[in-house]
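Novice: Pasting a predicted model and its sequence here:
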Amino acid sequence: MAEHKPRAFVCGHPIGHSRSPLIHGYWLNELGIAGSYEPIDIAPDDFAGFMGGLVGAGWAGGNITIPHKEQAFALAAKRDAAAEHIGAVNTLWVEGRTIVGGNTDAFGFAANLDARAGGWRSAETAIVLGAGGAARAVVHALREAGLNEVLVVNRSAGRADDIAAHFGGKVSGRNWSDLDSLLPRAGLLVNTTSLGMKGQPDLEIDISSLPDGAVVSDIIYAPLETPLLAQARARGLAAVDGLGMLLHQAVPGFERWFGIRPVVSDALRAYIVADLE
Ligand code: NAP
């Protein structure tokens, strides 16, 4: 009988830029697992058919990336609590013949901060810049961590208000023009906009009024050192880049598909950094 080799995928459109095959390939090799992790490009109109054929095709599951995270959410037969809160699915796995959707971005964000700036959980107030899909995952992580106040600041104020209405309670939307007056009370500042990313305009803010001891996190990882992080380091603040979030969010999926919980090591990080460079 043929040996069973677990197979997983990352599905997006386009998919060539994804570093997930490198991350999972590294762990498969490191752990000596005879499985595979394959990039798959599926156009939005074909995604429902792809998901419908997953069980029959023998996949253990996979990652879902742009632009399919919302469709995957709608099509999954069951969803974990994080996916329900965030409204998007980035990880699929098969239980019996049921496709389950989860979201590991919030876990990845929090695990990265835990690894690189342990004191972040004692911040009273966090400011989240941006109100897109990534901001939803970050806000969910901050709520789970029990922060007192999460202020979502976005260019389009209506989208920040939508996130506040979705999460309620300690989460509120604020105007970009109010940012300077809000910074002095933020123990944690997170950039989830695409500003500062390679090929995008810079994020032009002055963080000199952040309190001493504040943690600054940018979820962008290309470049690794964004101007925001450089500014934070120059002020002596803890500065956390986005690569760790990408690495940590991959851990729960790998464990589900291949049965072993992998470790985010310095060697893995160096391997992905070399590729980014
Ligand atoms: P998205 O849904 O498209 O949201 C983009 C956000 O950036 C929105 O808040 C948008 O504001 C803001 N923005 C874009 N251009 C702007 C400009 N010129 N001025 C002011 N604000 C601007 O994207 P996303 O999926 O949330 O991803 C955002 C970033 O996070 C990307 O760089 C992505 O690579 C990164 N990311 C990293 C990880 C990780 O694992 N490290 C995971 C997910 C995402 P408006 O609402 O006003 O348009």
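Specialist: Structure received. Note that the coordinates shown come from a computational prediction; the quantities given were computed from them, not determined experimentally.

Novice: Tell me the secondary structure at residue 153.
Specialist: Under DSSP: H, G, I helix; E, B strand; the rest coil, residue 153 falls in the strand class.

Novice: is it in a bridge, and if so with what?
Specialist: residue 129, residue 174 (DSSP bridges).

Novice: I'd say it and residue 175 touch.
Specialist: Yes: using Cβ atoms under 8 Å, residue 153 is in contact with residue 175, at 7.3 Å. Where C-beta positions appear, they are placed from N, C-alpha and C, glycine not excepted.

Novice: ok, those two, which is more surrounded?
Specialist: Shown here are residue 153 and residue 175; by other Cβ atoms under 10 Å, residue 153 has more neighbours (25 against 13).

Novice: Grab the nearest non-local neighbour of the closest residue to the ligand within the stretch 51-200 of the chain.
Specialist: Going by Cβ to the nearest ligand atom, the ligand is nearest to residue 132 of the stretch 51-200 of the chain, at 2.1 Å. Closest residue to residue 132 apart from its sequence neighbours, by Cβ to Cβ, 6 or more residues apart in numbering: residue 192 at 6.7 Å.

Novice: give the contact list for the one you found.
Specialist: Residues near residue 192 by Cβ atoms under 8 Å, 6 or more residues apart in numbering: 128, 129, 130, 132, 134, 135, 138, 219.

Novice: Put the alpha carbons of stretch 155-172 into PDB.
Specialist: Below are the C-alpha coordinates for stretch 155-172, written out as PDB (Å, rounded to 0.1, in the frame of the first residue of the first chain):
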ATOM      1  CA  ARG A 155      -7.700  57.300   7.300                       C
ATOM      2  CA  SER A 156     -11.300  56.400   6.500                       C
ATOM      3  CA  ALA A 157     -13.000  57.000   9.900                       C
ATOM      4  CA  GLY A 158     -16.000  55.000   8.900                       C
ATOM      5  CA  ARG A 159     -14.000  51.800   8.700                       C
ATOM      6  CA  ALA A 160     -12.500  52.400  12.200                       C
ATOM      7  CA  ASP A 161     -16.100  52.900  13.500                       C
ATOM      8  CA  ASP A 162     -17.200  49.700  11.800                       C
ATOM      9  CA  ILE A 163     -14.500  47.800  13.800                       C
ATOM     10  CA  ALA A 164     -15.500  49.500  17.000                       C
ATOM     11  CA  ALA A 165     -19.100  48.600  16.400                       C
ATOM     12  CA  HIS A 166     -18.100  45.000  15.600                       C
ATOM     13  CA  PHE A 167     -16.000  44.400  18.700                       C
ATOM     14  CA  GLY A 168     -17.800  46.900  21.000                       C
ATOM     15  CA  GLY A 169     -16.900  47.600  24.600                       C
ATOM     16  CA  LYS A 170     -13.400  48.800  25.000                       C
ATOM     17  CA  VAL A 171     -12.800  49.300  21.300                       C
ATOM     18  CA  SER A 172     -13.500  52.800  19.800                       C
END
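
Novice: Can you give the distance of that stretch from its chain's centre?
Specialist: For stretch 155-172, the gap between its own C-alpha mean and the chain's C-alpha mean amounts to 19 Å (Cα atoms, centre = their mean, to the nearest Å).

Novice: So is that stretch next to the ligand?
Specialist: Yes: Stretch 155-172 comes into contact with the ligand (Cβ under 6 Å from any ligand atom), by way of 155, 156, 159.

Novice: so which strand or helix has the last one?
Specialist: Yep, that's residue 159 we're talking about. Assigning secondary structure by DSSP states H and E places residue 159 in helix 157-167.

Novice: Wondering if the one helix or strand residue 93 maps to reaches the ligand at all.
Specialist: Under the criterion of DSSP H and E, residue 93 resides in strand 91-95. No: judged by Cβ under 6 Å from any ligand atom, strand 91-95 stays clear of the ligand, getting no closer than 12.6 Å.
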